[in-house]
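Asks: Have a look at this prediction, sequence included:
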Amino acid sequence: MSERIVRGPLEIGARIARRFMRRTDRPRTYMNDLALQGLLWLHDVSNEPAYLAYVQDVMAWRKLPPERAYDWREQLYVMINYELWLRTQDDRYIAHVVETADAFRKEVPRDAEGCVAYFFRPETQRIFIDMLQGYATHMARAGALSGDADFFDECVGQYRAFRRILLDQKTGWWSQGRGWNTDGGFVSPGAWLRGQGWVLRGMVESLTALPPEHPGHAELLEMLREFALTIAGAQDARGMWHQVPYRPETYQETTGTGFYLARAVQQDLLPAEVFRDVAVLGYEALQGFVAKDGTVLSGSFGCGPLRSLDDYLHRPAAPGDPHTPGTTMLACAGRALLDQAST
């Protein structure tokens, strides 16, 4: 057997970044914004100014100056304004975060159990984990900026409610959503890998903003550690996770592999003695799915919550799926963070 060649995460991240940055007209989609966040993470670990400059250029192209007020629907999954503030400390980027979060909390539709529901066709009261992670993160960050503990309560309360409905207690995996078919009470079966990445992302980002003394911090941290054990248990020998993570006959999928696990270790949210090797092995496997031109392979096509497990088992993948640049740059930057933390 040939020895695996492991390339540095900054090298692999740069391949993806160069490919993504060839265009400057990146419209506002959550996939593009996720990639912009990936560039900002790479900027953190490499000090490469071009990454930050590119993100700012894209925002200028979109005619979105830092001081502009925005609607919560514009940053539903990724808060680029907040991310830019973290890197620049320009307070104009966060001038409207708290007021927008307050509007989000008041205006977002909810299901009968109080879970935030998708705003499109609100009468259906559809819930899904993509929405959860964006909403919870927004609430936690607004709480950190304002000191208003009600935002923290809302963040943790949503994770608690969604967990009660969507977590399969037998397998430890989260359903993608409920109410997306004709039966409003129908919970989508199976577990889609990228959806698990969304759950993990929201937990980590929320905990980063939640103060440790808030009672919800310990509760959400326990959820994270419980879920991380499920994730670690499904890693294959190569280091990858599969499209349906408890069905190893499904393909190895890139957008859910290594997504935020290293970040959680680096921030001491997960114990390094248990999860560092899991994160490192995941990166080593993932970098083998990045072509020389920066194309990321084996990224699942996007989808809303599906009706049957068979639909997930046969969900196709394609090279260069638009979800892949962001998730993979985040994974590369997370791996580099682990190296920096150990020096």
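Replies: Perfect, I can see it now.
Asks: Output stretch 42-52 in PDB, but only the C-alpha positions, please.
Replies: Provided in PDB are the C-alpha atoms of stretch 42-52 (Å, rounded to 0.1, in the frame of the first residue of the first chain):
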ATOM      1  CA  LEU A  42      -8.000  31.200   6.000                       C
ATOM      2  CA  HIS A  43      -7.000  34.800   6.500                       C
ATOM      3  CA  ASP A  44      -6.900  34.200  10.300                       C
ATOM      4  CA  VAL A  45      -4.500  31.300  10.000                       C
ATOM      5  CA  SER A  46      -2.400  32.600   7.100                       C
ATOM      6  CA  ASN A  47      -2.400  36.400   7.500                       C
ATOM      7  CA  GLU A  48      -2.900  36.500   3.700                       C
ATOM      8  CA  PRO A  49      -4.500  40.000   3.100                       C
ATOM      9  CA  ALA A  50      -5.900  39.000  -0.200                       C
ATOM     10  CA  TYR A  51      -8.600  36.800   1.500                       C
ATOM     11  CA  LEU A  52     -10.000  39.600   3.600                       C
END
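Asks: Give me the contact list for it.
Replies: 9-10, 13-14, 17, 21, 39-40, 87-88, 329, 332-333, 336-337, 340 (CB atoms under 8 Å, 6 or more residues apart in numbering). Where you see a C-beta, it was placed from the backbone N, CA and C, and this is true even at glycine.
Asks: can we see that at 7 Å?
Replies: 10, 13, 17, 39-40, 87, 329, 332-333, 336-337, 340 (CB atoms under 7 Å, 6 or more residues apart in numbering).
Asks: And the residue nearest to G233 when sequence neighbours are not counted, how close does it get to Q196?
Replies: For G233, ignoring the flanking residues on the chain, the nearest one in space by CB to CB, 6 or more residues apart in numbering is G172 at 7.9 Å. Distance from G172 to Q196, counting by CB to CB, to the nearest Å: 10 Å.
Asks: hmm, back to that, which one in the contacts of stretch 42-52 is the model shakiest on?
Replies: Lowest pLDDT of the contacts of stretch 42-52: Q340, 88.
Asks: any idea how far A60 is from that one?
Replies: Here the criterion is CB to CB. By it, Q340 lies 30 Å from A60.
Asks: Then L224?
Replies: For L224, the distance to A60 - CB to CB - is 36 Å.
Asks: Have a look at those two and say which one is more surrounded.
Replies: Comparing L224 with A60 by other CB atoms under 10 Å, the one with more neighbours is L224, at 22 against 12.
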